[in-house]
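In: okay, predicted coordinates and the sequence, questions at the end:
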Amino acid sequence: MKKLANKAVSLTKLVGHLSHGAQRVVTDTVVGSLAGLPRQAADLDPATLSKILGTPVTAVSVLGGDAGTSSRARLELAGDGVPRSVFVKMPAQTAATRLIGELGRLGHTEVQFYNQISSALSGVPRCYGAAFEPWSGRYIIVLEDLAVHGCEFPDTLHPLSTAQAGLVVEQLARLHAAFWEKLPARRRRGPLSWLYTASGDATSLLTGSLMTTSIKRLADQLPVENGRFIAENYRAVAEVIDRPPHTVMHGDAHPGNVYFRDGAAGLLDWQAVRRGHPSRELAYTLITSMTPEDRRAGQRDLLDHYRWSLATAGGPELDAEELWLRFRQGALYGYVAPLITAGMGGMQTDDIAIEGLRRGVAALDDLETIAALKSSMS
């Protein structure tokens, strides 16, 4: 009876969330051009940017851009005390991709991150200003232009070396240590109460169905059927890997969201910030960032390096075997996320999506993730 009641509450929340997101997209489509924040980079004028930056901007020109779950552009600015160039993020152009963003609260989450969290961290792009519009879901985030600072930007098709993965692990340890035991108890109000676990999100009710559809579409390309148990029991297994203790997680630290500058790693695209146990993030990051061969050879040493880095940054001293078990369990996220990305399409190019999924499938098998999950399920 309790499970049925909880499911009914979750369904109610999901329906409300879907309706709210759809209403934003429809409202923006119908009347958005008449008022509110600009829709695209070409519409950003000196007055809008002056208000967001808090400094007079006298001229703006677009240097280039691209699109994904958000629209991105580099701008050249003029004015006393303003950066010569900036990197701007805005909502996606198409209604379908906008709706995906609304489902994940991507824009609002990233604005909240830069307004409330980023100042306490290193290895994060400097934010010059960010704004969110509740009625339309539109947002503008103005960041430093990393392209002019000699940064290195990897991607899934160019996997990280073990040494590079070690730098990313250090960055994650600093993030996790900064907020260890500093988050409010769930269902409590206060700063950072907007952070939620991946399993606690009402939209996680859709994950199993999306996985099942993706498995059907991709079964002839990779052995994705090996993860069907996860699709059939997603809510239950997600709760296993989201057990406390919790800290702030980047939530999507794959290689496309990593950069290197001056011998250290940094993290981009804070649209999926969540609270949770670090093992989920570590598994996802190492699985998606490294070749299966390099990961298998170096993962235990990288976890030990993480434990040392976490303690050095002021976090706890984690038990090695407990972290290893939870890392194996957390590998489900390194399978689920690329499976849905590749199966649904539209969020990454096909070659990147399939390569990420190939690594996720390999990890699911060699880490014996399903057996590890079953061992902790009641």
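Out: Structure's in. What do you need?
In: give the contact list for the closest residue to M249 other than its chain neighbours.
Out: Here the nearest residue to M249 in space, its sequence neighbours aside, is E281; by CB to CB, 6 or more residues apart in numbering that works out to 4.6 Å. For the C-beta atoms, the positions are set from N, CA and C on the backbone; glycine is no exception. Contact analysis of E281 by CB atoms under 8 Å, 6 or more residues apart in numbering lists L172, H176, M249, H250, G251, A253, G330.
In: tell me which stretches of this protein form strands.
Out: 59-67, 70-78, 85-91, 127-132, 139-144, 247-249, 258-261, 264-267, 274-276 (DSSP state E).
In: mind giving me the domain split of the protein?
Out: The chain is divided into the following domains under automatic domain parsing: 13-149, 162-374.
In: what about the stretch 1-150 of the chain, any weak spots by pLDDT?
Out: 1-35, 68-69, 94-102, 104 (pLDDT under 70).
In: same thing but 50
Out: In the predicted model of the stretch 1-150 of the chain, residues 2, 4-6, 8-9, 11, 15 satisfy pLDDT under 50.
In: one step back: looking at the domains of the chain, which is buried most?
Out: Each of the domains of the chain was given a mean neighbour count from mean count of other CB atoms under 10 Å, and the largest, a mean of 19, is that of domain 162-374.
In: now the end-to-end length of that one.
Out: Counting by CA to CA, to the nearest Å, the length from the leading to the trailing residue of domain 162-374 is 30 Å.
In: could we number from 153 for the rest of this?
Out: From this message on, residue numbering opens at 153, which makes the last subject domain 314-526.
In: my read: Q500 touches A489, true?
Out: No. Checked against CB atoms under 8 Å, the pair Q500 and A489 is beyond contact range at 10.7 Å.
In: I'd say T365 and G495 touch.
Out: Yes. T365 lies in contact with G495 (CB under 8 Å); the separation is 6.2 Å.
In: possible to save the strands of the chain as TSV with distance to E520?
Out: As requested, these are arranged in TSV below (distance: least, CB to CB, whole Å):
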stretch	distance to E520
strand 211-219	39
strand 222-230	36
strand 237-243	39
strand 279-284	41
strand 291-296	40
strand 399-401	24
strand 410-413	27
strand 416-419	29
strand 426-428	22
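In: who wins for proximity to T440 among those?
Out: strand 410-413 (10.0 Å; CB to CB).
In: what does the pLDDT read for the residue nearest to M401?
Out: Listed pLDDT for E433 reads 97.
In: what does the one 4 residues further on give?
Out: T437 is assigned 97 on the pLDDT scale.
In: and the gap between E520 and N378?
Out: According to CB to CB, to the nearest Å, E520 and N378 sit 11 Å apart.
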